[in-house]
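In: sharing a model prediction with you, sequence too.
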Amino acid sequence: MAVSDGMTSAYRCRVQDNRLLVSPTTYPSSYCTDVESAVKSLGRGESVIVAAGDMTRLRLALMSHNIS
């Protein structure tokens, strides 16, 4: 969902103990991490910001890595 001036609803994500932890935020859509890159970054223990519209795809991708 677009908010304004290129901003979008998004989630700051990180993995801890094989669980996806998320917190809502608003972020420039052009800076949001795509799902493929997010999976790689999360696997390295990094935090990412993913657009709200990509969260379902991210959760499905992480399930194949046993992350809930």
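Out: Looks like it came in fine.

In: going by C-alpha atoms from here, please, whenever you check contacts or count neighbours.
Out: Noted.

In: enumerate the positions of the helix or strand harbouring Lys40 that are buried.
Out: According to DSSP states H and E, Lys40 maps onto helix 35-43. Residues of helix 35-43 classed as buried by neighbour count (16 or more other CA atoms under 10 Å): Val35, Ala38, Val39, Ser41, Leu42, Gly43.

In: you'd agree Ala51 is up against Val35?
Out: No: counting by CA atoms under 8 Å, no contact exists between Ala51 and Val35, whose distance comes to 9.2 Å.

In: want to throw the buried residues of helix 35-43 into JSON lines with distance to Asn66?
Out: Formatted as JSON lines, these follow (distance: CA to CA, whole Å):
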{"residue": "Val35", "distance to Asn66": "16"}
{"residue": "Ala38", "distance to Asn66": "15"}
{"residue": "Val39", "distance to Asn66": "12"}
{"residue": "Ser41", "distance to Asn66": "16"}
{"residue": "Leu42", "distance to Asn66": "13"}
{"residue": "Gly43", "distance to Asn66": "11"}
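
In: okay, strands next: where are they in the protein?
Out: 7-16, 19-28, 48-51 (DSSP state E).

In: rounded mean pLDDT for the first one, please.
Out: If I follow you right, that is strand 7-16. Mean pLDDT, strand 7-16: 97.

In: please apply the same query to stretch 46-62.
Out: pLDDT averaged over stretch 46-62 gives 98.

In: what of stretch 19-30?
Out: Rounded mean pLDDT across stretch 19-30 is 96.

In: tell me which residues are up against the helix holding Lys40.
Out: Cys13, Arg14, Val15, Ser47, Val48, Val50, Asp54, Arg57, Leu58, Ala61, Leu62 (CA atoms under 8 Å, 6 or more residues apart in numbering).
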